[in-house]
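**Student:** Sequence and predicted structure are below.
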Amino acid sequence: AQTVTQSQPEMSVQEAETVTLSCTYDTSESNYYLFWYKQPPSRQMILVIRQEAYKQQNATENRFSVNFQKAAKSFSLKISDSQLGDTAMYFCAFSTSYGKLTFGQGTILTVHP
Amino acid sequence: SQTIHQWPATLVQPVGSPLSLECTVEGTSNPNLYWYRQAAGRGLQLLFYSVGIGQISSEVPQNLSASRPQDRQFILSSKKLLLSDSGFYLCAWGTLRTNEKLFFGSGTQLSVL
């Protein structure tokens, strides 16, 4: 069975600074997808970024980028130029079969002005 | 554009009462549909998924059931609620054209008392 571990229950960062959220996963599969989802106080789940395991290039979406280390089974999220609207719970997720996501426990990120 | 509707937003039910949560998707055909549950302060757990009308797969044994009477309608039900059924329930959809991305509804907070 696949597992996803987020070892940081809470993180904080000052506005405009950079923060990195950690995620590790365990799987015996070779083809899979990794995701970071954001859940703001509204509780709406919003896809932040997605990485295909067969791609070596790290995914980037504006201020969000990932550091994907396949051998180490690590998938961290870097948020640059943090904004107050980035305050949310962030979930790392893993999928081998389409749509059947396995989620980590989440990291609460607070951006301070 | 595609939209997903989920209702009600909040529900308080007594133990032993029935449950029906509904989810509908607009703007796409033959979507894969999913029910996830989020316990307080935790990640999401996949409960059911469906790849077509009448086709339901259960991921975890539980007191709940799901049905898909129409292509874009997904219903989560229970005949008798338990205290442990409390949680935040999220419906989601995806298709091959969304390239492995899932789109979530706004969720239902269920409190069983």
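**Tutor:** Thanks, I have the structure now.

**Student:** tell me the phi and psi of residue A:104?
**Tutor:** Geometry field for residue A:104 lists phi and psi as phi -80, psi -180, criterion degrees, to the nearest 10.

**Student:** That one and chain B: what is the separation?
**Tutor:** Distance, residue A:104 to chain B, by CB to the nearest CB, to the nearest Å: 6 Å. All C-beta atoms are positioned from the backbone trio N, CA, C, and that covers glycine.

**Student:** same deal with residue A:24?
**Tutor:** When distance is defined by CB to the nearest CB, residue A:24 is 14 Å away from chain B.

**Student:** same question, residue A:101
**Tutor:** Here the criterion is CB to the nearest CB. By it, residue A:101 lies 7 Å from chain B.

**Student:** Quick one, grab the pLDDT at that residue.
**Tutor:** Reported pLDDT at residue A:101 in the predicted model: 88.

**Student:** neighbours around residue 66, how many?
**Tutor:** Since you didn't name a chain, this refers to chain A. When neighbours are counted by other CB atoms under 10 Å in any protein chain shown, residue A:66 registers 25.

**Student:** sorry, should have said chain B
**Tutor:** Neighbours of residue B:66 under the rule other CB under 10 Å: 21.

**Student:** any weak-confidence spans in chain A?
**Tutor:** Residue ranges of chain A with pLDDT under 70: A:98.

**Student:** residues in contact with residue 34?
**Tutor:** Looking at chain A here, since you left the chain open. Residues near residue A:34 by CB atoms under 8 Å, 6 or more residues apart in numbering or on different chains: A:23, A:25, A:50, A:51, A:53, A:66, A:68, A:75, A:92, A:93, A:94, A:95.

**Student:** Sorry, I should have been clearer: chain B.
**Tutor:** The neighbourhood of residue B:34, defined by CB under 8 Å, 6+ apart, consists of A:99, A:100, B:46, B:48, B:49, B:50, B:74, B:91, B:92, B:93, B:94, B:102.

**Student:** Ignoring the adjacent residues along the chain, who's closest to the residue of chain B found nearest chain A?
**Tutor:** Closest contact between chain B and chain A, by CB to the nearest CB, is at residue B:43 (3.5 Å). In space, residue B:43 comes closest to residue A:103 once its chain neighbours are excluded; the distance is 3.5 Å by CB to CB, 6 or more residues apart in numbering or on different chains.

**Student:** what's the answer for residue A:15, then?
**Tutor:** residue A:113 (5.3 Å).

**Student:** Export the contacts of residue B:34 as JSON lines, with columns for distance to residue A:30.
**Tutor:** Rendered in JSON lines, the data for the contacts of residue B:34 read as follows (distance: CB to CB, whole Å):
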{"residue": "A:99", "distance to residue A:30": "19"}
{"residue": "A:100", "distance to residue A:30": "17"}
{"residue": "B:46", "distance to residue A:30": "22"}
{"residue": "B:48", "distance to residue A:30": "27"}
{"residue": "B:49", "distance to residue A:30": "23"}
{"residue": "B:50", "distance to residue A:30": "27"}
{"residue": "B:74", "distance to residue A:30": "31"}
{"residue": "B:91", "distance to residue A:30": "31"}
{"residue": "B:92", "distance to residue A:30": "25"}
{"residue": "B:93", "distance to residue A:30": "27"}
{"residue": "B:94", "distance to residue A:30": "22"}
{"residue": "B:102", "distance to residue A:30": "22"}
